[in-house]
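Chemist: here's a sequence, model it:
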Amino acid sequence: MNPVLRRLGGVLAATALLALSAGAEAQRFELTVDAAPPLASVAQRVEGIRPESLALSLARAGLELPPRVHVTIIGNDDPRAAQMPPWVAGRAFGEERIVIFPQRIPASPYDSLDSLVLHEIVHLALNVRAGGRPLPRWFHEGVAVSVESGWGIGSQVRLLIAAAREPEIAELATLFESDRVPETTTAYLLAAALVEDVRRRHGLEIPGAIAGRVAAGEPFDRAFRSATGETVEQAATRAWRVYRGIRWLPVLTSGTAMWGAILLLAFLAFVVRLQRRRRKRREWDEEEEREEQDELDGDVDAAEDELDSGERR
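Modeler: Numbers count the residues shown, from 1 in each chain. So this is what the prediction gives:
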């Protein structure tokens, strides 16, 4: 058989197996959602997310859909929202609990409610796969971003600037702990670039393999080396090298023009994304207004019916 056709057949067979496994996980999946009445429409959208899609995205990373997920939806006017930094749109806890602040999505790194929910479920799946043992924050976030949205051109452009500082892997923990949005954004970009490169070179399912070794008792650094054949530091250097190497281009061309173009591209990507989020926000607001109007019309109709009935009596 032609080698290309043989490889294609293998890919199709693997995809079919993933789909079957994802379908079985989805049937066992139990999702519960809590939300105050003003956020009922958001709760309905979360409940409408197809578990088969979630399971398939996780399976590609060597992870399984947690059997139970409980989502709590919190508005910005809720006192609990003040306990989280204003740029945090979601947070995962343990192996089955998620908190979401939907009104913060337009100002967060996520494109939609669906992507935010998937991002947080990835955290739960990693915790389950690791048997509750700790995993580094950069690994958690890098895998979640990789599974949730992949690695687009706009992110790569922004990473050119982030990587110019020649970061070390040890810096990521500090960057993630920062309260400043630019530093946490840099941490997300670097972690996602590292995980994407590792998955590209060692297989898409490598995150689950690493977490599985941690569950078996290996420290994370040893588990990473056992699964990939390289240390975390070596993987980070390799993943970020291409972005560091871009720095010599301004020397050969116009430095101002080159970095100006990079900043312009980054700005344009940001504007496009922001407009998309605002449009989505308007759609949500309009949907909520329609639902409120429908409820009001229903109340008016009921009152008129009751009045007519009383007059007839």
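
Chemist: check contacts around Leu172.
Modeler: Residues in contact with Leu172 (Cβ atoms under 8 Å, 6 or more residues apart in numbering) are 136-138, 187, 190-191. (Glycine included, C-beta is placed from N, CA and C.)

Chemist: can you check Arg91 too?
Modeler: Taking Cβ under 8 Å, 6+ apart as the test, what Arg91 contacts is 84, 98-99, 120.

Chemist: ok, Gly212 next?
Modeler: The neighbourhood of Gly212, defined by Cβ under 8 Å, 6+ apart, consists of 62, 129-130.

Chemist: before we move on, the earlier item: quick one: buried ones out of the contacts of Leu172?
Modeler: In the contacts of Leu172, burial by neighbour count holds for 136, 138, 187, 190-191, counting by 16 or more other Cβ atoms under 10 Å.

Chemist: my read is Val71 is in a strand, agree?
Modeler: Yes. According to DSSP: H, G, I helix; E, B strand; the rest coil, Val71 belongs to a strand.

Chemist: make 3 the first number, not 1, from now on.
Modeler: Let's use 3 as the start, then, which means that last one is Val73.

Chemist: touching, it and Val35? I think so.
Modeler: Yes. With contact taken as Cβ atoms under 8 Å, Val73 and Val35 are classed as touching, separated by 4.7 Å.

Chemist: the more surrounded of the two?
Modeler: Ranked by neighbour count (other Cβ atoms under 10 Å), Val73 and Val35 place Val73 first, with 23 against 19.

Chemist: quickly list what the more buried one is bridged to.
Modeler: With DSSP bridges as the criterion, the beta-bridge partners of Val73 are Val35, Ile100.

Chemist: quick one: contacts for it?
Modeler: When the contact criterion is Cβ under 8 Å, 6+ apart, the partners of Val73 are 33-36, 45, 48, 100-102, 119.

Chemist: for PyMOL, write the select line for the buried members of those residues.
Modeler: A single PyMOL command suffices to select whichever of the contacts of Val73 are buried according to 16+ other Cβ under 10 Å:
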select buried, resi 33+35+45+48+100+101+102+119
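
Chemist: which one of the contacts of Val73 is nearest to Glu288?
Modeler: Using Cβ to Cβ, Ala45 is the member of the contacts of Val73 that lies nearest Glu288, at 17.6 Å.

Chemist: so the closest one touches Ile75, yeah?
Modeler: Yes. With contact defined as Cβ under 8 Å, Ala45 counts as touching Ile75 (5.7 Å).
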